[in-house]
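*Asks:* Let me see the structure of the following:
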Amino acid sequence: MVGGYGGLSFAQTGILYAIPNLTDTRASAPSPEDIYDRYDTMRDLRSDMDKLRQGDTVSDKLSRLTFKVWVKNEQGQLAARDVIIWLTARDAQHGVFFGDRPLDNPGYSAMTLQGEVNVGSTNKLDIFKVEQRLKYLGYPALKTAPTDNTIKNFEVDGKFTDKEQAALKLFEKVVRYTTEAQTAKVTLSKTIKSKSGNATAVATVTVELEAKGALALEVVKQTVTTKPWKITFKSGLTPEQKQLEEAELNAKQADTELAVLNDATEAARKAAWAKIQPSTRFDVKSTGADGIIEATKGDINRELTLNWLNAYNAPHWMRLFSTSTSNSLLPGWYNSQNDNSKGDPKKAPGIYSNVERYGTSWMFDLMRAREFAPQ
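*Replies:* Take a look at the predicted model:
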């Protein structure tokens, strides 16, 4: 439990915050005679984080607060009394779709922050709030090393480290994801020579386009400008020689301009892709998706992050597939990546690295909807 608010103590505010404990590790196996609970059902030994990332709810979290008060009895004498308060944190229930939650109780309430949340921040209550919310939403410390995408949990302990920053950055990347069209303009030229070397021709093409999609493969608008074909002759050539040189180069004009057009188009598409990448790739820096909640209230990036952390339909981080290629909750979908060796004799089963199995609840529900779509 954490007392106080805004740097003040519990004694100064009378406010006490209880922080439900979400477990990271699987429970110890019970004894054979205790493997079933009192309802004669097999105990669920999964950690809370496994349950949440697999689309399940966690069990109720109980907290007991005991304190003493002094009251006057019938004789007017002070007497000590024990007061016990039980707190229960109950997870929200959802329907067929993971995001199908009550608007007024998605499993958490709106939180407010006093200042910046960043590595080195000292407001423990703000940090506890952000840690707890990210934990409940299932976000891990992803890519604390450049080539490592394994899931790493962090502790809810009021200390904002690089692990919490990585989890917050992942959340911020998700809610800022966009593949909206971006504009790029590229001009390229190519010079060719005649066989004799006595003349050269230059093809210049400018391509301006708008492309969208995660790889900017969908071009929605394109403008092409081709400069006049320019031929230059060495000095001392007769009119007849110039005519022959010009005919030779003109025969190559169409192919040369087409090659330049193709190169310029691809260069422009890549330039547009470079503008899209910050919002689609975790490892590319982007404004607002930096694992920091800004200090200034009203800051556009601070408000965007906080609004999504408080939203009833905030994206959860979920395990779409286990080590198998299918998921019973996602019929008809199969993961082409898995932990087998894929026929590689140099790799034993279970050691394939950087296998992608996780995604957002938005993606999970979209995939689940396939089951109910008209055939």
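
*Asks:* what helix or strand is Ile192 on?
*Replies:* Secondary structure assigned from DSSP states H and E places Ile192 in strand 182-193.

*Asks:* Now do that strand: which elements does it pack against?
*Replies:* Counting contacts by 3 or more C-beta pairs under 8 Å, 6 or more residues apart in numbering; DSSP states H and E, strand 182-193 packs against strand 199-212, helix 253-276. (Each C-beta comes from the backbone N, C-alpha and C, glycine too.)

*Asks:* Could you rerun that using 10 Å?
*Replies:* Helices and strands touching strand 182-193, by 3 or more C-beta pairs under 10 Å, 6 or more residues apart in numbering; DSSP states H and E, are strand 199-212, strand 218-226, strand 230-233, helix 239-250, helix 253-276.

*Asks:* quick one: which of those is nearest Tyr334?
*Replies:* Of all the helices and strands packed on strand 182-193, strand 218-226 sits nearest to Tyr334, with 25.6 Å by C-beta to C-beta.

*Asks:* Next, the nearest residue to Lys285 once chain neighbours are set aside: secondary structure please.
*Replies:* Spatial nearest neighbour of Lys285, excluding adjacent residues (C-beta to C-beta, 6 or more residues apart in numbering): Pro278 at 6.4 Å. On the three-state scheme (DSSP: H, G, I helix; E, B strand; the rest coil), Pro278 is labelled helix.

*Asks:* Just give me the neighbour total for Pro278.
*Replies:* Neighbour count for Pro278, taken as other C-beta atoms under 10 Å: 16.

*Asks:* And for Gln277?
*Replies:* 17.

*Asks:* and the gap between Tyr358 and Met111?
*Replies:* Separation of Tyr358 from Met111 (C-beta to C-beta, to the nearest Å): 25 Å.

*Asks:* and the two? which has more neighbours close in?
*Replies:* Neighbours were counted for Tyr358 and for Met111 using other C-beta under 10 Å; Tyr358 has more, 19 against 15.

*Asks:* show me what contacts the more buried one?
*Replies:* Counting by C-beta atoms under 10 Å, 6 or more residues apart in numbering, Tyr358 makes contact with 53, 138, 140, 142, 149, 151, 170, 317-321, 364.

*Asks:* In helices, which of those residues appear?
*Replies:* 53, 170, 364 (DSSP state H).

*Asks:* between these, which is nearest Lys297?
*Replies:* Nearest member of these to Lys297, counting by C-beta to C-beta, is Leu170, at 24.1 Å.

*Asks:* What pLDDT does the model give the closest residue to that closest one other than its chain neighbours?
*Replies:* Closest residue to Leu170 apart from its sequence neighbours, by C-beta to C-beta, 6+ apart: Leu142 at 4.9 Å. With respect to pLDDT, Leu142 scores 82.

*Asks:* related to what we said a few turns ago, can I get the helices and strands packed on strand 182-193 in TSV including distance to Arg101 and mean pLDDT?
*Replies:* Shown next, in TSV, are those (distance: least, C-beta to C-beta, whole Å; pLDDT from 0 to 100):
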stretch	distance to Arg101	mean pLDDT
strand 199-212	31	96
strand 218-226	33	95
strand 230-233	65	96
helix 239-250	69	96
helix 253-276	31	96
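
*Asks:* tell me which residues in the strand holding Ile192 are buried?
*Replies:* With burial defined by 16 or more other C-beta atoms under 10 Å, the residues of strand 182-193 counted as buried are 182, 184, 186, 188, 192.

*Asks:* got a pLDDT number for the last one?
*Replies:* This means Ile192. pLDDT for Ile192: 97.

*Asks:* List the residues that contact it.
*Replies:* By C-beta under 10 Å, 6+ apart, the contact list for Ile192 reads 199-203, 231, 248-249, 252-253, 255-256, 259.

*Asks:* change it to 7 Å
*Replies:* If a contact means C-beta atoms under 7 Å, 6 or more residues apart in numbering, then Ile192 has 200-201, 249, 252, 256 as its contacts.

*Asks:* just those residues now: which is nearest Arg46?
*Replies:* For the contacts of Ile192, the closest approach to Arg46 (C-beta to C-beta) belongs to Thr256, at 64.1 Å.

*Asks:* distance of the closest one from Lys169?
*Replies:* Per C-beta to C-beta, Thr256 is found 47 Å from Lys169.

*Asks:* between the two, which one's more packed in?
*Replies:* Higher neighbour count among Thr256 and Lys169: Lys169, with 23 against 18, using other C-beta under 10 Å.

*Asks:* I figured the more buried one hits Asp290, correct?
*Replies:* Yes: using C-beta atoms under 7 Å, Lys169 is in contact with Asp290, at 6.2 Å.

*Asks:* rewinding a little: list buried members of the contacts of Ile192 by neighbour count.
*Replies:* For these, buried by 16+ other C-beta under 10 Å: 200-201, 249, 256.

*Asks:* Make TSV from the residues you listed and add distance to Val284 to it.
*Replies:* TSV is the format used below for the buried ones among the contacts of Ile192 (distance: C-beta to C-beta, whole Å):
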residue	distance to Val284
Thr200	41
Ala201	40
Leu249	43
Thr256	35
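
*Asks:* List just the nearest of those residues to Leu215.
*Replies:* Nearest to Leu215 among the buried ones among the contacts of Ile192: Thr256, at 28.1 Å, using C-beta to C-beta.

*Asks:* In terms of pLDDT, where does the spatially most distant residue from the centre of the chain sit?
*Replies:* When distances to the mean C-alpha position of the chain are computed (C-alpha atoms, centre = their mean), the maximum falls on Thr238, with 67.7 Å. If you check Thr238, the pLDDT there is 94.

*Asks:* Good, we can wrap up now.
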